[in-house]
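>>> The following block contains a protein sequence and its predicted model.
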Amino acid sequence: MRRLGVRDADVEDVCQRVFEFVHRQLPQFRGDARLTTWLFEIVRRVVSDHRRSAYEQRRDLHEPAEVGSAATQEGAVGMSEARVLLDRLIEDLDDDKRIVFVLCELDGMPVKEVAELVDAPVQTVYSRLHAARERLERGVRRLAGGDA
């Protein structure tokens, strides 16, 4: 869920909301779609609602750096900063592009499976993935002071 835009501190609360929603809606599940598709749509909606909430928008976007004991302090800070940067760039994507990017690039899911999960044609998933990659690349160039 964190990769879909939920802060680490909020993951448990959002998971709880998903479980509560599934518990209430499970008797109405007719089996028209695969269970995983149905569950993914619930997660997507709950995460989207959470991200749009006024409470979440008022919160500070920066999390404290996490330093691992095995890495050097400098390397750990660099990795933490890179993670925060990637999270911020991913957060700027619209929901459709973010979901496709996270599932394909970060979770390594095949495009065909992603298309089934998001109930979209395979070509649409490729298009969203391409657009997400381009937008992230422009964001990195902009932040690095290069051309945009």
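Thanks, I have it.
>>> hey, let's count contacts and neighbours off CA atoms from now on
Will do.
>>> Any regions of this protein where pLDDT drops low?
52, 54-79, 146-148 (pLDDT under 70).
>>> any chance you could map the strands in it?
In the chain, no strands are defined using DSSP state E.
>>> Got the domain ranges for it?
What automatic domain parsing lists as the domains of the chain is 1-59, 62-88, 92-148.
>>> now stretch 2-18: how far from the chain's centre is it?
Offset of stretch 2-18 from its chain centre (Cα atoms, centre = their mean, to the nearest Å): 10 Å.
>>> What values do phi and psi take at G5?
The phi/psi pair for G5 (degrees, to the nearest 10) reads phi 110, psi 10.
>>> Quick one: residues in contact with the longest helix along the chain.
What stands out as the longest helix in the chain, according to DSSP state H, is helix 122-143. Contact partners of helix 122-143, identified using Cα atoms under 8 Å, 6 or more residues apart in numbering, comprise 89-90, 93, 96-98, 100-101, 104, 111-112, 114-115, 147-148.
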